[in-house]
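A.B. asks: A structural model of the following input is requested.
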Amino acid sequence: MADDNCSGGDPTTSEMFKEFANDTGSLLTLITLTLMSFTTMFLYLESSMYINQKIASSRRRVRLLCILGIYPVLSGTSLIALYVPAAHLLCSFTGSIFFSVAMFQFLMLVFDFYGGKMYVIEVLKDQKLPLASPPLTCCCPCLPKMDVNE
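C.D. replies: Numbering: from 1, shown residues only. A predicted model of the protein is given here:
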């Protein structure tokens, strides 16, 4: 009798490749995704060389490289999760943490372009920021507008 229980866990890499050996479409998809991931990493290396040559400020250079690293890091972690299915939770966690760090670096880069956090607050002090903004809270027009302060 066949075991219809789905709680067996993730397939191992060897089990996955045994299945892919019988299906050329899946194997071609895997090869295509691998090439696309390596292309993303190559483009990151190329743009990082350009940034290292053109951006004089080391602080801005590091922040830009961190922001540009979002795509190759997420592509690399997805590729690892594709080849090692049991590692998909760790890869997803790693990608999410890097994305959070990169978004913080983006915020710091914006502050750097303005000339500092206090200058941003000074420029935006008379503005009210709406909390009802897309994509999630645009359906809640009753949300208040907040003053910009420290």
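
A.B. asks: Tell me the first helix or strand C-terminal of the helix or strand in which Phe93 is found.
C.D. replies: Per DSSP states H and E, Phe93 falls inside helix 88-114. Downstream of helix 88-114, the next assigned helix or strand under DSSP H and E is helix 117-123.

A.B. asks: which residues touch that next one?
C.D. replies: Val110, Phe111, Tyr114, Val148, Asn149, Glu150 (C-beta atoms under 8 Å, 6 or more residues apart in numbering). (Glycine included, C-beta is placed from N, CA and C.)

A.B. asks: burial measure for Gly25, as a count.
C.D. replies: Using other C-beta atoms under 10 Å as the criterion, Gly25 is surrounded by 8 other residues.

A.B. asks: what's the span of stretch 118-131 from first residue to last?
C.D. replies: By C-alpha to C-alpha, to the nearest Å, the extent of stretch 118-131 from end to end equals 22 Å.

A.B. asks: now do stretch 108-120
C.D. replies: Chord length of stretch 108-120, first to last residue, is 11 Å (C-alpha to C-alpha).
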